[in-house]
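Visitor: Generate a structure from the sequence data that follows.
(chains A and B)
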Amino acid sequence: MSSSGGLTLAVPSKGRLEELTRKAFSSSRLTIARPGGVRSYVGSIKNQPQVTVRFYPAAEIARELILGGIDIGVTGTDLIHEASENGEDNVLFVRGLGFGEANVVVAVPDAWIDVQQMVDLADVASDFRARHGRWLRVATKYVNLTRRHFAQYGIAEYRIVESAGATEAAPASGSADLIVDITSTGSTLAANSLRILEDGLIMKSEANLIVSRTADWTPLRKAQLEALLSIMGGVPPGISTLL
Amino acid sequence: MKSSSERYAALVRLVESRTVTRVTPPLLLPAGPFFDLAGEEFGRNLLLTTANNGVEYCLRPDFTLPIAQGYLDDGMVGVPAAYTYLGTIFRQQNGFPVEHEQAGLELLGQPDASAALDQVLTFARWALAIYDITAPNIRLGGVGLFEAFLEAAEVPPAWRARIRHRFGHPEALSRLMERLSEPRERIGVQAPDGRETMIEIVTDAMLSGGLSLIGSRTPEEIADRYLEKQALESSPIPERTVKLLNDYLAVSDSAQRALDTIGNLCRAHGFDFEEPLFQVRNHAAALAALSPKADVIFDAAFSPRLDYYTGIVFEMTGSDGEVLASGGEYDRLIDRLGATQPVTASGCALWTARLEKEANL
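Guide: Residues are numbered from 1 along each chain as shown, chains lettered A, B, ... in the order given. All right, here's what the predicted structure looks like:
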């Protein structure tokens, strides 16, 4: 299929992300059609027969972009960094789309008045096990980002507790001591009496138009990519030369 | 000229020599002990698999831990033991699974720790000789030496722990040293009179945040650390001690010269450090005698990240800078695994494929 051309574009399959992605495309006169409604996972773009649209969960879009299973996708920067240790090396961030903004942050219980910065956390982690007979526990769904950030600050003495949802409740429920989570306004954290560390910002994330570097880019497909991006606008020409 | 298979046969003979016991821990091991021992940073390199009951296992990432665990489980504490191994380890490297073959020696519970370390160095040296590597670059580091140095330099205990903890992590350590060298601003908030009040405040904050007062950090612990932090800020390490620390950490030179430099630094600072240095000098001399052509460096800031290392640590590198052998003393390991009495431990691991590559240069 790749030799005969054609592009696969992955769009988040549900919720506000889907809605805003489709809006962003239609404002560039690229109307995404999803003929089967929410239960269908294949769609198309009007007047762009060479593009196949697939509807995937945002995390899966990140994985597929890294592996080269899809060519172009819309997903959060955080998810690319999280999906694999060197995920960002395998994709090209074309441009931010101005929605889905959120920060991945380290947050501790507000009652930890002695912990303001990552260095404090390093101190706490270093003798936590001697005091409590277990490692300091960090609840998060961002395993890779957390490991990278903590390693940067020389923190090795902790364990990650993977949490699928409601990470912010982990300290109160006793399943972890602190969290790494995504937040847009910080209100959920505050409501759970959690405080972001002064240098606890791991990354700023937003929905991005992303091209896979690992996909099989033939000259024809590169040309098709350039054409599509030029319709999208806001992207300098020649992106495909970076692939 | 030996062939590759002759070299391998010689390595097997070394690993199976009469004074040691060759052991082969299982390939599939519970992952928990590795996480418990080395934390998340090492844990990220494990190749994990999960049993249907949710228990995590990993492919053998290293021999030291299962061998030490076996020593404990067999009730050997207090008995001198010499274990060797030769086999495959599995890890994740740059996001991909890799397998390597390692050979090595673990000396546990030896009555003379210093002699044990020399045996380890000799073992590594012999292994390298099998591959005709007679002039490796040898780097020595002193974990115990640094701990002794912090004490002798009269660094306040609370700072000592913070500094020691970052030893072996150049980035974190230099950040801390920077923080020490800069004139600090005072913390804005002053502790309202005393510990009891602080504990009250923290307790209230924890309860209103829905936190349990037990199970994680306690109000006492938080209040104490808060007060300690204030005390540290108000009694910083004297500038000349910070300079001494920085000078110490910057020492990296041929062993003899490096150790002399450290001795002189300490003397200039008004204390005698010859006794702790003596041990390191001896081992450096032993190494020099073992391989006269080798380049033996003492690097004061060199330490593996794993905090169960205690005494002297070393690594031997080949012509392209890859580590061929590394090891040292790690008395804290068996203690960490739950031994009821102190057990000395030292050992080394060798990367056989790298040795073979070096032999073919």
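
Visitor: Which secondary structure element is home to the residue in the stretch 51-200 of chain B that chain A sits nearest to?
Guide: Residue of the stretch 51-200 of chain B nearest chain A, by C-beta to the nearest C-beta: B:A172 (2.7 Å). No exception for glycine: its C-beta is placed from N, CA and C like everyone else's. Here B:A172 sits within helix B:170-181, counting by DSSP states H and E.

Visitor: residues making contact with that helix?
Guide: Residues outside helix B:170-181 that contact it (C-beta atoms under 8 Å, 6 or more residues apart in numbering or on different chains) are A:119, A:122, A:152-154, B:159, B:162-163, B:166-167, B:236-237, B:239, B:242, B:245-246, B:249, B:301.

Visitor: residue nearest the centroid of chain A?
Guide: Residue closest to the mean C-alpha point of chain A, counted by C-alpha atoms, centre = their mean, is A:L79 at 2.1 Å.

Visitor: Give the residue spans of the chain that score low on pLDDT.
Guide: Picking chain A for this. Scanning chain A for pLDDT under 70 picks out A:1-3.

Visitor: that's the wrong chain, I meant chain B
Guide: Ranges of chain B meeting pLDDT under 70: B:1, B:182-193, B:235.

Visitor: how about the helices in it?
Guide: B:4-15, B:32-43, B:64-73, B:113-130, B:143-152, B:157-166, B:170-181, B:194-208, B:219-234, B:239-250, B:255-268, B:274-290, B:332-336, B:352-359 (DSSP state H).

Visitor: export the ones you listed to a markdown table and tack on mean neighbour count and distance to B:A345?
Guide: Shown next, in a markdown table, are the helices of chain B (neighbours: other C-beta atoms under 10 Å in any protein chain shown; distance: least, C-beta to C-beta, whole Å):
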| stretch | mean neighbour count | distance to B:A345 |
| --- | --- | --- |
| helix B:4-15 | 15 | 18 |
| helix B:32-43 | 20 | 13 |
| helix B:64-73 | 20 | 7 |
| helix B:113-130 | 21 | 8 |
| helix B:143-152 | 19 | 13 |
| helix B:157-166 | 18 | 19 |
| helix B:170-181 | 16 | 25 |
| helix B:194-208 | 16 | 40 |
| helix B:219-234 | 17 | 31 |
| helix B:239-250 | 16 | 26 |
| helix B:255-268 | 17 | 23 |
| helix B:274-290 | 17 | 16 |
| helix B:332-336 | 20 | 5 |
| helix B:352-359 | 18 | 22 |
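
Visitor: for those helices, which one sits closest to A:K14?
Guide: helix B:32-43 (32.2 Å; C-beta to C-beta).

Visitor: when you scan stretch A:128-137, is anything in it near chain B?
Guide: Yes - applying C-beta under 8 Å from any C-beta of the partner chain, one finds stretch A:128-137 touching chain B at A:F128, A:R131, A:H132, A:W135.

Visitor: Without its sequence neighbours, what residue ends up closest to the third one?
Guide: Yep, that's A:H132 we're talking about. B:S216 (7.5 Å; C-beta to C-beta, 6 or more residues apart in numbering or on different chains).

Visitor: contacting residues for that neighbour?
Guide: Contact analysis of B:S216 by C-beta under 8 Å, 6+ apart lists A:H132, A:P171, A:G174, A:D177.

Visitor: Pretty sure the second one sits against A:L194.
Guide: Yes - proximity of A:P171 to A:L194 meets the contact threshold set by C-beta atoms under 8 Å, at 6.8 Å.

Visitor: any common contacting residues for those two?
Guide: With C-beta under 8 Å, 6+ apart, A:P171 and A:L194 have common neighbours A:V108, A:P109, A:L178, A:I179, B:G209.

Visitor: For B:F167, see how far away the nearest residue to B:I262 once chain neighbours are set aside is.
Guide: Of all residues not flanking B:I262 in the chain, B:V251 sits nearest, at 5.7 Å (C-beta to C-beta, 6+ apart). Note on B:V251: its distance to B:F167, by C-beta to C-beta, to the nearest Å, is 14 Å.

Visitor: again with B:T340
Guide: B:T340 is 28 Å from B:F167, by C-beta to C-beta.

Visitor: Report the buried residues of the helix or strand in which A:A59 is found.
Guide: Element membership of A:A59, judged by DSSP H and E, is helix A:58-67. For helix A:58-67, a neighbour-count test (16 or more other C-beta atoms under 10 Å in any protein chain shown) marks A:A58, A:A59, A:E60, A:I61, A:A62, A:R63, A:E64, A:L65, A:I66 as buried.

Visitor: Might you report the residue contacts of the second one?
Guide: For A:A59, the set of contacting residues under the criterion of C-beta under 8 Å, 6+ apart consists of A:T75, A:L79, A:E82, A:A83.

Visitor: From these, which land in strands?
Guide: Counting by DSSP state E, the part of those found in strands is A:T75.

Visitor: Just the closest of the contacts of A:A59 to chain B, please.
Guide: A:A83 (10.3 Å).

Visitor: what are the pairing partners of the longest strand anywhere in chain A, and which direction each?
Guide: For chain A, the longest strand by residue count, based on DSSP E, is strand A:194-205. Sheet pairing of strand A:194-205 (DSSP bridges) gives strand A:102-109 (antiparallel).

Visitor: and chain A, what are its domains?
Guide: A:2-101+A:206-242, A:102-205 (automatic domain parsing).

Visitor: Pull the distance from the last one to the chain's centre.
Guide: In this view, domain A:102-205 has its centroid 18 Å away from the chain centroid, taken as C-alpha atoms, centre = their mean, to the nearest Å.

Visitor: what's the first-to-last distance across that domain?
Guide: By C-alpha to C-alpha, to the nearest Å, the extent of domain A:102-205 from end to end equals 5 Å.

Visitor: Any figure for the gap between B:R7 and B:N360?
Guide: B:R7 is 10 Å from B:N360, by C-beta to C-beta.

Visitor: nope, A:P219 is what I meant
Guide: The value you get for A:P219 to B:N360, if C-beta to C-beta is used, is 42 Å.
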